[in-house]
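Enquirer: just to be clear, the model below is a prediction. Sequence and coordinates:
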Amino acid sequence: MSKISSFWNLPTEQVLQQLKTSSQGLSRQEAQQRLSQYGANSLKQKQTSNVLSLLLNQFKSPIILILMAAAILSGFLGDVIDTVIILGIVLISGLLGFWQERGATDAVAKLLALVQVKATVLRDGQSQDIPNEDVVPGDIVVLTAGDSIPGDCLVLASKDLSVNEAALTGETYPADKLSGTLPVET
C-alpha cells in the first residue's frame, strides 16, 4: 500500500481500493498485520527532561537572573551579607521551583497513563472499540457525538456531522463535514 496524496479529492471507491479495504472494514488479521507494519497510531512523545536540565532551567527565569546580577554587584561592592542573602534566596527559589515542576511532571505522566482514548472501527464487518493507538491505515472509523477523531479520515457517510477544529485552526465554531470529494486546495 503506497502513500495516497490528496485522498480527499479522489472518489471514495478509489480511496478504498488504494487502501486495500472495504466499507465493511478490515479483518482482524489484516489490522494486526498493518499495526505491525506501520506501528502505533500515536504522536511521538516529547522527550522528558532529565533531572539536571530541569534543575538548571529553574535558574533561567528573568527574576532569578536579575537577582543573580544583584548578588554579583553586591559581591563587587564588598557587601558580603547582601550577597549571601540574595544567593540564598536564588538557591531556595530554584530548588522550590524544581520540586514543584518535578511533582507536576510526574502527576501529569501518571494521569496520561490512566487515560486511554478509544475509537470505534469496523473489523470483520462488526463495530469494535479499540484504543486509538491500534487504528491503522484502511480502518473504517465509526463516529458518534462527542467522539475524537483518531487521525486523518475521509468521510464515507454522515448526517449532520460537525467537527471542533479549534486545536488545528483556532476557529471557535464547529466545521460542517460532508461525504464526497473536495477540491485539492482544501
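Expert: Here it is on my side, so go on.
Enquirer: helices along the protein, start to end?
Expert: With helices called from DSSP state H, the chain shows them at 12-18, 28-38, 51-57, 62-76, 80-114, 166-169.
Enquirer: worst mean pLDDT among those?
Expert: Lowest mean pLDDT of those: helix 166-169, a mean of 85.
Enquirer: what are the buried residues along that helix?
Expert: Buried residues in helix 166-169, defined by neighbour count with 16 or more other CB atoms under 10 Å: none. In this view, the C-beta of every residue, glycine as well, is placed from N, C-alpha and C.
Enquirer: ok, back up a step: tell me which of the helices of the chain sits nearest to Val136.
Expert: When the helices of the chain are ranked by distance to Val136, counting by CB to CB, first place goes to helix 28-38 at 3.9 Å.
Enquirer: helices or strands up against that closest one?
Expert: Packing contacts for helix 28-38, counted by 3 or more CB pairs under 8 Å, 6 or more residues apart in numbering; DSSP states H and E, involve strand 118-123.
Enquirer: the strand it packs on - what's its average pLDDT?
Expert: Strand 118-123 carries an average pLDDT of 94.
Enquirer: give me the domain ranges for this structure.
Expert: Taking automatic domain parsing as the reference, the chain has its domains at 10-38+116-177, 51-114.
Enquirer: out of those, deepest packed?
Expert: domain 10-38+116-177 (a mean of 14; mean count of other CB atoms under 10 Å).
Enquirer: can you pull the contacts of the residue most central in space within the chain?
Expert: Central residue check for the chain by CA atoms, centre = their mean: the C-alpha nearest the mean position is that of Leu43, 5.7 Å away. With contact set as CB atoms under 8 Å, 6 or more residues apart in numbering, Leu43 has no partners.
Enquirer: so what pLDDT did it get?
Expert: Here, the pLDDT recorded for Leu43 equals 78.
Enquirer: tell me how far it lies from Leu95.
Expert: 33 Å (CB to CB, to the nearest Å).
Enquirer: Lys60 too?
Expert: With distances defined as CB to CB, the gap from Lys60 to Leu95 amounts to 15 Å.
Enquirer: can you check Cys153 too?
Expert: Counting by CB to CB - Cys153 and Leu95 are separated by 48 Å.
Enquirer: using CSV, lay out the helices of the chain together with distance to Ala145.
Expert: Conversion of the helices of the chain to CSV gives the following (distance: least, CB to CB, whole Å):
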stretch, distance to Ala145
helix 12-18, 23
helix 28-38, 25
helix 51-57, 41
helix 62-76, 46
helix 80-114, 24
helix 166-169, 17
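Enquirer: JSON lines for the domains of the chain, including distance to Pro183?
Expert: Written out in JSON lines, the entries for the domains of the chain read as follows (distance: least, CB to CB, whole Å):
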{"stretch": "domain 10-38+116-177", "distance to Pro183": "12"}
{"stretch": "domain 51-114", "distance to Pro183": "38"}
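Enquirer: Glu185: which of those domains is closest?
Expert: Within those, the stretch nearest Glu185 is domain 10-38+116-177; the backing value is 14.6 Å (CB to CB).
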